[in-house]
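S.K.: just need the structure, nothing else, for what follows:
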Amino acid sequence: MTQEKIIADREIDREFLPVSKKDMKRRGWAQCDFVFIIGDAYVDHSSFGPAIISRHLEAHGYKVGMIAQPDWKEDSSISRLGEPRLAFLVCGGNMDSMVNHYTVAKKRRHTDAYTPGGEMGKRPDYAAVVYSNLIRRTYKKTPIIIGGIEASLRRLAHYDYWSDKVKRSILLDSGADLVSYGMGERSMLEIADALDSGLDVKDITFVPGTVYRTREGELSAYDPILLPSYEEITTDKRKYAESFMVQYQNTDAFTARPLVEPYPNKVLVVQNPPAKPLSTQEMDDIYAYPYVGTYHPSYEAMGGVPAIQEIQFSLTSCRGCFGGCSFCALTFHQGRIVQTRSHESILKEAKRLTVKTGFKGYIHDVGGPTGNFRHPSCQKQLEKGVCQKKQCLFPKPCPNLKVDHKDYVALLRKLKRLPGVKKVFVRSGIRFDYVMQDSDDTFLKELCREHISGQLRVAPEHVSDPVLRAMGKPSNEVYAKFIRRYERVNRLTGKKQYVVPYLMSSHPGSTMKEAVKLAEYIRDLGYMPEQVQDFYPTPSTISTCMYYTGLDPRTMKPVYVPKSAHEKAMQRALIQYRDPKNYDLVKEALHRAGREDLIGFDKKCLIPPRKLKKSKKTGKRR
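M.R.: Numbers count the residues shown, from 1 in each chain. Next up is the predicted model:
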C-alpha cells in the first residue's frame with residue numbers, strides 16, 4: 001500500500017456515534033436501537049470495550065447512541081437520546097469503578113484517567129448498579145443488559161473488598177435483565193438479534209456468555225451444576241471457596257456447564273457457559289471497524305481524556321491468557337484460550353498510526369494481556385478446550401505446551417520495516433517462564449536489541465516460593481535463571497540493559513518472614529523498585545478467595561493472610577525500607593519477624609538501630 005493510499009484512508013469520514021438528539025437527526029434517526037450508558041468518557045478506540053461493542057452492533061445494522069458519564073443524581077440524564085427501540089446497554093467502564101475510585105488502602109484516588117481532564121467524581125461507586133437503577137426508575141419495562149469488566153467479574157455472588165462482605169450477583173442488585181460477561185461480541189449480537197426478532201428479554205435464556213434470572217420450577221438449563229446457595233456462602237467460608245472453585249473450573253467455552261446459584265424466595269441466577277473464542281478472521285473484522293481512534297471532540301476544552309496517551313500508538317495483537325496468575329481475573333473475563341489477529345490486520349492498523357497526528361515514529365506496544373503469547377498453549381484447546389483441573393504453566397509447564405516465538409518475531413520484524421516507524425516497543429509484559437521454555441535465543445535477542453529501551457519490565461512478583469505457589473507463579477529459581485540468560489544475551493548484543501521487576505506485598509501466603517526475605521532481595525539488587533503493589537482483593541480471583549476465606553480453593557488448605565491495614569503497611573514498608581518515612585514500620589516488622597540481625601550498621605542491615613537526623617550544617621543524615 002502506498003503512502004498516498006494510506007493518507008487517503010485516513011481521510012475517510014470516521015464519525016463518532018450519536019451523543020445527542022442533534023447527532024441522531026443529522027443521521028436521519030428517529031430512535032436508537034440501543035442506548036449505551038458508560039462510566040468512562042466516550043473514547044472511540046478499540047482498547048475500550050464500549051467502542052468495540054457499539055461498532056460491532058453498528059456493523060450488523062443496529063443504531064447505537066452513546067451516553068457517557070451521565071449525572072446519576074439526575075434522572076433525566078439517561079433520557080437525552082430517548083427510549084431505545086430494543087434495550088439499554090450499561091458498562092461501568094474499562095476498570096471496575098471501585099478500583100478506579102479507591103486505593104488498596106481504601107483511600108479516595110485524586111484523578112481518573114478515563115474522565116476528561118482526569119477529573120475524579122464523574123461516575124458513582126458501583127457504577128453499573130447505579131446506572132441500571134437510574135434507568136429502571138424512568139423506563140420500567142425497557143430491557144437492560146449490563147456488561148464490561150465490572151459486571152463480568154460480579155456476575156455471581158462475590159466477595160466485595162470495599163464493603164467487606166459477600167454481595168449478591170450484580171444481576172439482582174442492578175435490576176438488569178441480562179449480564180453479558182467476558183468479551184461480549186458474540187453474546188451481544190445474539191441478544192440483539194433475539195430482541196429484534198420480537199423475543200421477550202425474559203425468554204433469552206439460551207445465549208452463551210450470559211447470566212439470567214429465573215425461579216425454581218422454571219429452570220431450562222441443560223445439565224446444570226447447582227452451586228451452594230447465597231445463604232450458605234455468606235455463612236460458611238469453606239462453602240464460598242468450594243463454590244468459587246467450581247466457577248473457576250467452568251470458565252472454558254468447550255468444557256463448562258451451566259451454573260445455578262440459588263437465592264431466597266426461590267430465585268435462581270443462572271450462568272450459561274462462556275461464548276466461544278473468536279477466530280482470527282473474526283478478530284480481524286472487529287479491529288477493522290471504523291473507530292475514530294480517540295476521544296470525542298467535546299472533551300478537548302477540558303484537556304482531553306488522559307487514558308488515550310497509553311494506547312493511541314499501541315497495537316492489540318491478542319486477547320486471552322494461559323498464564324493463570326492467582327491474583328488476575330483474566331481467566332474469568334477473557335479466558336485462557338489465546339485469540340490472535342493476523343499480521344495483515346495489525347500491519348494495516350500500524351500503517352494508519354504512522355500518518356496519525358502526533359505519531360513520532362514509535363509504536364509503544366504490540367501485545368495484549370501477555371505480549372509473547374501468539375497462539376493457544378496446545379493444539380487441543382480449539383477443539384476440546386483447556387484442562388479444567390490443570391494449568392498450562394503452573395506449577396511447572398505442561399508437557400503439551402506449545403512453545404514458539406517465531407510468529408511474534410516475524411510480526412515485530414514486519415512492523416519495524418514499515419515506512420515512518422523508528423522503533424517498536426514491547427511494553428505489555430512478557431512471561432519469562434514461557435521464554436525459558438524456548439531453547440532458541442532468537443526472540444530474546446531481538447527483544448533486547450530492538451524492542452526495549454534500557455529496561456525490561458517483568459513480573460516475578462515475589463522471591464519466596466511459598467508465596468509464589470499461592471500466586472500461581474513459577475519458583476524463584478526460574479526467575480533467577482531468566483535473569484542470567486537475559487544478561488548473557490545482552491552481552492552478546494552489546495547492550496547494557498536492566499530488568500525492572502514488578503513486586504507485590506501482602507499477598508496471601510506472605511508472612512512477615514516472607515516479606516523480610518523480599519526486602520533482603522531488594523537490598524541485594526542495590527536499588528529500591530518503583531513498582532510496588534499491595535495485593536488488591538478484586539472480585540473473581542483465586543487470591544481474593546484466599547483473602548476472604550483463608551483457604552486456597554485449589555487445595556482447600558489454610559493459607560496465611562495479612563489482613564490488617566497495619567500489617568499490610570509493614571510489609572509494603574519493608575520493600576521500600578530505604579525511605580526514611582518507613583523507618584518505624586520497618587523496625588517493628590523486623591522485631592516481629594525476629595530479624596533484629598538486620599538492624600545495625602553492617603552492609604547487610606536494612607536500617608540502623610535508631611533514626612538518623614539531618615545535620616543542619618551539612619544536610620546529611622547522621
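S.K.: what is the neighbour count of the nearest residue to R578 once chain neighbours are set aside?
M.R.: Leaving aside its chain neighbours, R578 sits nearest to M528 (4.9 Å; criterion: CB to CB, 6 or more residues apart in numbering). Placement of C-beta: from N, CA and C, glycine included. M528 has 13 neighbouring residues, counting by other CB atoms under 10 Å.
S.K.: now tell me what touches stretch 403-413 from outside.
M.R.: Counting by CB atoms under 8 Å, 6 or more residues apart in numbering, stretch 403-413 makes contact with 317, 343, 346, 366, 371-372, 374-375, 397, 424, 426, 434-435, 437-438, 440, 442-443, 446, 450-451, all of which sit outside it.
S.K.: what average pLDDT does it get?
M.R.: Mean pLDDT, computed over stretch 403-413, is 97.
S.K.: and that stretch, what's buried?
M.R.: Neighbour-count burial for stretch 403-413 flags 405, 408-409, 411-412 (criterion: 16 or more other CB atoms under 10 Å).
S.K.: closest to L195 among those residues?
M.R.: L411 (38.9 Å; CB to CB).
S.K.: gap between that closest one and E450?
M.R.: Taking CB to CB, to the nearest Å as the measure, L411 falls 12 Å from E450.
S.K.: could you do G147 as well?
M.R.: 38 Å.
S.K.: the two: which has the busier surroundings?
M.R.: Each of G147 and E450 has its neighbours counted (other CB under 10 Å); G147 has more, 30 against 16.
S.K.: any idea how far that one is from G92?
M.R.: Per CB to CB, G147 is found 9 Å from G92.
S.K.: re earlier: so which helix or strand takes in the residue nearest to R578?
M.R.: For M528, there is no helix or strand it lies in under DSSP states H and E.
S.K.: so for it, what's the pLDDT?
M.R.: At M528, the pLDDT value in this model is 75.
S.K.: isn't it up against N582?
M.R.: No - checked against CB atoms under 8 Å, the pair M528 and N582 is beyond contact range at 10.2 Å.
S.K.: what touches both of those two?
M.R.: Joint contacts of M528 and N582 (CB under 8 Å, 6+ apart) are Q576.
S.K.: in the stretch 1-150 of the chain, which spans are helices?
M.R.: Using DSSP state H, counting those that start in this stretch, the helices of the stretch 1-150 of the chain run over 3-10, 21-27, 49-59, 97-101, 127-138, 148-152.
S.K.: who is V64 paired with across the strands?
M.R.: F34 (DSSP bridges).
S.K.: ignore the last one, A68
M.R.: I38.
S.K.: show the contacting residues for it.
M.R.: 19, 38, 40-42, 296.
S.K.: and if you look at T115?
M.R.: By CB under 8 Å, 6+ apart, the neighbours of T115 are 40-41, 69, 122-123, 305.
S.K.: which helix is the longest one in the chain?
M.R.: The residue-count maximum for a helix in the chain (DSSP state H) belongs to helix 476-493.
S.K.: and the next helix or strand past that helix?
M.R.: strand 498-505.
S.K.: same for that next one, what does it pack against?
M.R.: strand 455-461, helix 512-525, strand 532-534, helix 565-575 (3 or more CB pairs under 8 Å, 6 or more residues apart in numbering; DSSP states H and E).
S.K.: need those in TSV with mean pLDDT, can you?
M.R.: Putting the helices and strands packed on strand 498-505 into TSV (pLDDT from 0 to 100) gives the following:
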stretch	mean pLDDT
strand 455-461	91
helix 512-525	94
strand 532-534	86
helix 565-575	94
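S.K.: any chance of those in JSON lines, with mean neighbour count and distance to K356 too?
M.R.: Output for the helices and strands packed on strand 498-505, formatted as JSON lines (neighbours: other CB atoms under 10 Å; distance: least, CB to CB, whole Å):
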{"stretch": "strand 455-461", "mean neighbour count": "19", "distance to K356": "25"}
{"stretch": "helix 512-525", "mean neighbour count": "19", "distance to K356": "39"}
{"stretch": "strand 532-534", "mean neighbour count": "17", "distance to K356": "32"}
{"stretch": "helix 565-575", "mean neighbour count": "21", "distance to K356": "39"}
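S.K.: what ranges do the helices span in the stretch 201-350 of the chain?
M.R.: 230-235, 237-248, 280-287, 308-311, 330-333, 343-354.
S.K.: so what touches the first one?
M.R.: Residues outside helix 230-235 that contact it (CB under 8 Å, 6+ apart) are 157, 165-166, 168, 239-240, 243, 261-264.
S.K.: please apply the same query to the last one.
M.R.: Outside helix 343-354, the residues that touch it by CB under 8 Å, 6+ apart are 1, 6, 9-10, 283-284, 287-288, 293, 313, 315, 317, 359, 363, 366, 410-411, 414-415, 418-421.
S.K.: so for I191, which of the helices of the stretch 201-350 of the chain sits nearest?
M.R.: Here helix 280-287 is closest among the helices of the stretch 201-350 of the chain (CB to CB), at 16.8 Å.
S.K.: tell me who's in contact with G147.
M.R.: 49, 53, 89-91, 179-181, 184, 188.
S.K.: and those residues, which is closest to G324?
M.R.: For those, the nearest to G324 is Y181 (18.8 Å; CB to CB).
S.K.: residue contacts, the residue nearest to that closest one when sequence neighbours are not counted?
M.R.: Spatial nearest neighbour of Y181, chain neighbours left out: S152 (4.1 Å); criterion: CB to CB, 6+ apart. In this structure, S152 makes contact with 179, 181-182, 332-333, judged by CB under 8 Å, 6+ apart.
S.K.: could you redo the last one with a cut-off of 10 Å?
M.R.: Residues in contact with S152 (CB atoms under 10 Å, 6 or more residues apart in numbering) are 49, 91, 96, 128, 146, 170, 179-184, 209, 211, 329, 332-334, 539-540.
S.K.: likewise for K416?
M.R.: 363, 422-424, 446, 450-451.
S.K.: got it, and G358?
M.R.: By CB under 10 Å, 6+ apart, the residues touching G358 are 294, 309, 312-313.
S.K.: try G61
M.R.: Here G61 is in contact with 33, 192-193, 196 (CB under 10 Å, 6+ apart).
S.K.: any of the contacts of stretch 403-413 buried? List them.
M.R.: Among the contacts of stretch 403-413, those classed as buried by 16+ other CB under 10 Å are 317, 346, 366, 371-372, 374-375, 397, 424, 426, 434-435, 443, 446, 450-451.
S.K.: ok so, going back, out of the contacts of G358, which is nearest to K568?
M.R.: Nearest to K568 among the contacts of G358, with distances taken as CB to CB, is Q309, at 30.7 Å.
S.K.: neighbours of that closest one, how many?
M.R.: For Q309, the neighbour count with other CB under 10 Å is 12.
S.K.: go on, R136?
M.R.: Residues lying near R136 (other CB under 10 Å) number 16.
S.K.: surely it meets S174?
M.R.: Yes - if you go by CB atoms under 10 Å, R136 and S174 touch, sitting 8.4 Å apart.
S.K.: where along the stretch 201-350 of the chain do the strands fall?
M.R.: 210-215, 225-226, 259-263, 267-271, 314-316, 318-319, 339-340 (DSSP state E, counting those that start in this stretch).
S.K.: save those strands as JSON lines, and put in mean pLDDT and mean neighbour count too.
M.R.: Shown next, in JSON lines, are the strands of the stretch 201-350 of the chain (pLDDT from 0 to 100; neighbours: other CB atoms under 10 Å):
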{"stretch": "strand 210-215", "mean pLDDT": "98", "mean neighbour count": "20"}
{"stretch": "strand 225-226", "mean pLDDT": "98", "mean neighbour count": "15"}
{"stretch": "strand 259-263", "mean pLDDT": "98", "mean neighbour count": "20"}
{"stretch": "strand 267-271", "mean pLDDT": "98", "mean neighbour count": "22"}
{"stretch": "strand 314-316", "mean pLDDT": "96", "mean neighbour count": "21"}
{"stretch": "strand 318-319", "mean pLDDT": "96", "mean neighbour count": "22"}
{"stretch": "strand 339-340", "mean pLDDT": "96", "mean neighbour count": "22"}
